[in-house]
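In: Can you look at this prediction? I've put the sequence above it.
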Amino acid sequence: MGLLSLSHIVVISTLLLLTLYRIDCFTSSSCISWPQHRSRSNLLLDSSSASSAIDGDKKPAPPVPFRDENAFVWAGELPGEALQDNSSPPIRQSKLSRNPLLSPPRRLPNPYGWMRDDSRTNATVLNHLREENLYTRLMTQHLDGLTEQLYQEFLSAIEETDYTSPAACGAYWYYSRFIEGLSYPIYCRAPRKKGELYHPPINERWNEKCKNPFDMQPLLSDEEVYLHLPKMAAKKKYLAAGAIKVSPDDTHVAYSLDEVGGETCQLYIKHIESNKERLLYDGDKPLEGDGSLCWDLEGKSIFFCTMDATHRPYRLYRRQIFDDEGNYIDDNKQHDEIIFEEEDEMFSLRISKTFDLRYILLTCSAKESTELYYIDLEMSKDSQESVAEQLVCISKRVDKLCYRVTRCAGYWLILTNNKGNTPNLSLKACRIGEEKDSSSWLDVVNAENETPELMFNGGDGRSVDGVTIFSPDEIDGTPLAYAVVTGREDGIPRIWILEFAEGEINDAAPPLKASPLHVTKSCRLEFDESAYDCGIGGNRDNTLPYVVVAYDSLVTPPSHIAIPLSNPENFDARRVIKEKKVEGYDKELFGCERFTVKSRDGETEIPVSMVFQRDALAKTNGNTPVHLYGYGSYGASIEASFRSTRLPLLKRGVVYVLAHVRGGGENGRPWYEEQGKYLSKKNTFNDFVDIARWLTDTNAQEGSIGRGITNPSKLSCEGRSAGGLLIGASINQAPDLFRAALLGVPFVDLMCTMVDSTIPLTCIEWQEWGNPNEETYFDYMMSYCPMQNVQEGKTYPSCLITGGLHDPRVQYWEPAKFCSTLRHECTSLGPILLKTDLEAGHFAASDRYKYLKEQAFEYAYLLDQLGVV
């Protein structure tokens, strides 16, 4: 049956059955976002929604869903009428908030609120999403050839049969393999000889297939597959692995799988040699959690977190899987020991292990506060106490105090914001077992010079975001430990390597309180290019004398480099472990620039990165097609990294621009904490629009990099998730500035979502955006919420909006409502399209080929709208 006949069937069946179930659907608890009130009359869909077929050359009409102009949600205090049918009203603000609630409450218009269905089963809603998908298909079918061409170009730029750099861990080398035609990785390992520092030679025939299409010639000798995702995914529409953890005795692997896209995982245990897999149960149902997993030291028990109704990890459990003889315990005899429960809705749990695998870390974190516990697994083996009694708190939660830790010899190395008293994180230490609170933390000083000083003091110039500790086997001259520190300086990702010693520091100048653990030597890694992306690569063994670093730039494909810890400055001593090969790519044909654009405040310099094909930029006359990408939230940085999927755009003359707007972390934490959240959030959108105006400035002076290279008819923009909010707010602010917009799983219904604590993750997000139930934030958030600020009668850019039915982060109804709102309120330069993946969540397709096909479709739409074919 073709697409056209399918459209007729959906529409006709909808109209015939409308009077039978319409009222029930709209008044059932599965459809109403409580506390929400609406008129219950005139609930029929607009009949024009039936006109989605094509007659000859006639363009299809978009679906026109019903608008309930009387529908709204409450912001602020709940009035009595909202409490009548609900014995447990939702939370309106955090326990710590001292801000008054809106009183009287305010009504937020929500005419498409009926699209919300928490169960994802309502026939009316699903039919609407299918109708939207069908309309998008009909409006873009002329792009099938271009989409396929882009897809093939994507494939030609990647090695479909490939592998990751083998990483040492204990008795094995661990790596993943990809096989042409298979959508998921295969997790492998090979024996590692005692004392072997680098992996043995790669088999010359490693990329040759065996008779079985799932198998290849081994990469390393005696290769063993311990998790084969392609076989596991063969009969599934979606599959994403959470944690994959091999047991300490190397015999089993514990792993978690999300088979829907909703980021709820089922937990499994597999015996590697026999390939026998067991699904873990919670009573008669599969055991579900957030996906995180840790083993104890003996390989008998696992630790895992479960989630509450709002998708918040809130309980930590321990379950014994094997008895003292190593036998699997029957499912009905396995017992879960609850170790910790987080009752504050603003906090969520995360478990991890220290790099040396000795300690389990339990992090209870809100956006602006941290409480961290640890379990010493070595001591736990012989302890008579329950595991819950063995939990040790490093520092109790205090408002505005954020910190994270890693073990260094007998100390905790602590990254902290000092209760917000420093713009960036500083480096502190305290002895393990002597934890009290943050007042006991001492400064980690650099004693290289005559006067000890703080290397990471939390100041503006240098930020730090992670520390990894290596303790190579002791030989003469080996320091106590090495620290590989990641952070930023001059807006660029940086890596420092530090050497540590222990001893009293008596000559540190006040107000420093020096820890005995101090730095004796430091080095910042340097690379050939001036702008790049770098970070910690695949490292699993803390006893190695080198660290593997991942490196790339806008024009340099990724590579993994082993850098000796004792001699990091020596370029000749570095060893390239693996380089990504990009077929047909000539780096000399492409260029990149990094510059700043002054914001409308006249002071702030906004960093911008730009990559292009050299001959395309050389021909610019203000008519060059430009694609502008941004994010700008949560302190996340959009790095100047290489993406082979950009190449088809660049080769067609499109200039790709990255906007490092406030709200990100490109200029350290103040770029986010002080200038890009709460009541400063509009800086994010203003920065993006200011960059777009720079790119389209008709008064550009010669020599101004990027200025005036394009015009609004040739400028497109893109953002995903919170970046989708950025795009929604930007096109509302300046709809005439862009020709086309891509909004991926966009967080655009800010107000209706953030007043409702029953929606997953809402409470946690109050410390990111603010709480619109409170007087302090309502008007400010209302002023930029994309859904509430579409300009009536204005001409907007064409938009392609995507969503995932099972998305727990941005609910599918947000993009659906925004699409309908845009069509209702304004005209557009091109079609406004909605494409909902009914089999995926926030991170789109888990199948790598499907993911590339989706991106090819989005880029085909983009090129078509920009007039680049």
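Out: Yep, it's here. Residues are numbered from 1 along each chain as shown.
In: which other helices and strands contact the helix or strand that contains F778?
Out: Assigned by DSSP states H and E, F778 belongs to helix 775-784. Contacts defined by 3 or more C-beta pairs under 8 Å, 6 or more residues apart in numbering; DSSP states H and E place helix 775-784 against helix 682-695, helix 750-754. Any C-beta I mention is one placed from the backbone N, CA and C, and that applies to glycine too.
In: Go through those and name the closest to N127.
Out: N127 sits nearest to helix 750-754 of all those, at 22.4 Å, using C-beta to C-beta.
In: E345 is nearest to which of the helices and strands packed on helix 775-784?
Out: Nearest of the helices and strands packed on helix 775-784 to E345, taken as C-beta to C-beta: helix 750-754 at 13.7 Å.
In: Could you export the helix or strand that comes right after that closest one as CSV, CA atoms only?
Out: Per DSSP H and E, the first helix or strand lying C-terminal to helix 750-754 is helix 762-769. Below are the C-alpha coordinates for helix 762-769, written out as CSV (Å, rounded to 0.1, in the frame of the first residue of the first chain):
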residue,chain,number,x,y,z
THR,A,762,11.4,19.4,35.7
CYS,A,763,12.4,19.9,39.4
ILE,A,764,16.1,19.4,38.7
GLU,A,765,15.9,21.9,35.9
TRP,A,766,14.6,24.7,38.1
GLN,A,767,18.2,25.4,39.0
GLU,A,768,19.1,25.8,35.4
TRP,A,769,16.4,28.1,34.0
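In: quick one: average pLDDT of helix 762-769?
Out: Across helix 762-769, the average pLDDT comes to 96.
In: can you tell me the average pLDDT over the helix holding F778?
Out: pLDDT averaged over helix 775-784 gives 98.
In: What strands line up against the helix or strand just after that helix, and which way round?
Out: Later in the chain than helix 775-784, the nearest helix or strand by DSSP H and E is strand 795-796. Taking DSSP bridges as the criterion, strand 795-796 pairs within the sheet with strand 827-828 (parallel).
In: can you tell me the average pLDDT over the partner strand?
Out: Mean pLDDT, strand 827-828: 94.
In: Surely T795 touches I832?
Out: No - the pair T795 / I832 is not scored as a contact, 11.7 Å apart, by C-beta atoms under 8 Å.
In: Any figure for the gap between Q152 and F738?
Out: 29 Å (C-beta to C-beta, to the nearest Å).
In: More neighbours: which of the two?
Out: Between Q152 and F738, counted using other C-beta atoms under 10 Å, F738 has the larger neighbour count: 26 against 13.
In: Leaving aside the residues adjacent along the chain, what's closest to G793?
Out: C826 (6.5 Å; C-beta to C-beta, 6 or more residues apart in numbering).
In: Can you tell me the SS state at L863?
Out: helix (DSSP: H, G, I helix; E, B strand; the rest coil).
In: show me what contacts it?
Out: Taking C-beta atoms under 8 Å, 6 or more residues apart in numbering, we find L863 in contact with 146, 649, 652, 654, 869.
In: can you count the residues close to the nearest residue to the fourth one once chain neighbours are set aside?
Out: To tie it back to what came earlier, the one meant is V654. Once flanking residues are discounted, V654 sits nearest to P625: 4.7 Å by C-beta to C-beta, 6+ apart. Per other C-beta under 10 Å, the neighbour tally for P625 reads 24.
In: and if you look at N506?
Out: Look at N506: counted by other C-beta under 10 Å, it has 7 neighbours.
In: before we move on, what about K300?
Out: 19.
In: who touches it in this structure?
Out: By C-beta under 8 Å, 6+ apart, K300 lies in contact with 320-324.
In: Could you pick out the buried ones from these?
Out: Those of those that meet the buried threshold are 320-322, by 16 or more other C-beta atoms under 10 Å.
In: what's the closest of these to V387?
Out: Among these, and counting by C-beta to C-beta, the member closest to V387 is Q320, at 10.4 Å.
In: which ones among the contacts of K300 are found in strands?
Out: The strands, defined by DSSP state E, take in Q320 from these.
In: ok, the contacts of K300 vs Q701, which is closest?
Out: Using C-beta to C-beta, I321 comes nearest to Q701 of the contacts of K300, at 68.5 Å.
In: you'd agree T468 is in a helix?
Out: No - assigned with three-state DSSP, T468 falls outside any helix and is strand.
In: pretty sure it contacts W496?
Out: No - applying C-beta under 8 Å, one finds T468 not in contact with W496, separated by 11.2 Å.
In: Distance of E224 relative to C826?
Out: On the measure of C-beta to C-beta, E224 and C826 end up 59 Å apart.
In: Counting neighbours, go ahead and name the busier of the two.
Out: Each of E224 and C826 has its neighbours counted (other C-beta under 10 Å); C826 has more, 18 against 14.
In: Sheet-wise, list the partners of the lengthiest strand in the chain with their directions.
Out: When the chain is parsed with DSSP E, its longest strand is strand 492-502. Here strand 492-502 has these sheet partners by DSSP bridges: strand 481-489 (antiparallel), strand 517-524 (antiparallel).
In: Mind checking what helix or strand follows the last one in sequence?
Out: Going back to what we said before, that points to strand 517-524. Downstream of strand 517-524, the next assigned helix or strand under DSSP H and E is strand 533-536.
In: Which strands or helices does that following strand pack on?
Out: Counting by 3+ C-beta pairs under 8 Å, 6+ apart, strand 533-536 packs on strand 481-489, strand 492-502, strand 546-552.
In: Name the strands paired with that strand and say parallel or antiparallel.
Out: For strand 533-536, pairing defined by DSSP bridges yields strand 546-552 (antiparallel).
In: Return the distance of the longest strand of the chain from the chain's centre.
Out: In terms of C-alpha atoms, centre = their mean, to the nearest Å, the centre of strand 492-502 is set 26 Å apart from its chain centre.
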